[in-house]
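# Structure, please.
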Amino acid sequence: MARRAGFAPGPDGRIVRSSLEVVRQEWPHLQWWRVLPDDGRIEHTGSLAVQLREYGVTLEADPNGPYAHVILDERSLMVWSSEAAAVAVETAKV
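From the prediction side, this is the model:
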């Protein structure tokens, strides 16, 4: 949900995915698994799915493939103001 946080995810989310991979390897104590794709779809057998299930997040299987939709309680999401998002986008451009 990079766009929701005011960040450009890059083509097909590649920038976010590669950044999270570095975080996962270099700083495993950080909760990297809390970052989700904008569409809420993840591979249902991947490490992200395992972490989310352990945390208590509900995943709904996609009957059309190896994916699951993350079902979130909106109250548990971090809310970013539009002003903070605009600052983040401008900072990323510099």
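
# Show me the residue at the heart of the chain, geometrically.
Central residue of the chain (C-alpha atoms, centre = their mean): Leu36, 1.8 Å from the mean position.

# Let me know the secondary structure of Pro63.
Under DSSP: H, G, I helix; E, B strand; the rest coil, the three-state class of Pro63 is coil.

# An error on my part: the question was meant for Glu60.
Counting by three-state DSSP, the backbone at Glu60 sits in strand.

# and it, how many neighbours?
Using other C-beta atoms under 10 Å, Glu60 has 12 neighbouring residues. To be clear about C-beta, it is placed using only N, CA and C from the backbone, and glycine gets the same treatment.

# need the contact list for it.
Ala68, His69, Ile71 (C-beta atoms under 8 Å, 6 or more residues apart in numbering).

# For the protein, which segments count as strands?
Applying DSSP state E to the chain gives strands spanning 41-43, 58-61, 67-71.

# now the shortest one: mean pLDDT?
Spelled out, it's strand 41-43. The pLDDT scores in strand 41-43 average 86.

# Direction included, what does that strand pair against?
Looking at strand 41-43 with DSSP bridges, its partner strands are strand 67-71 (antiparallel).

# what comes into contact with the partner strand?
So strand 67-71 is contacted by 36, 40-44, 49, 52, 57-62 (C-beta under 8 Å, 6+ apart).
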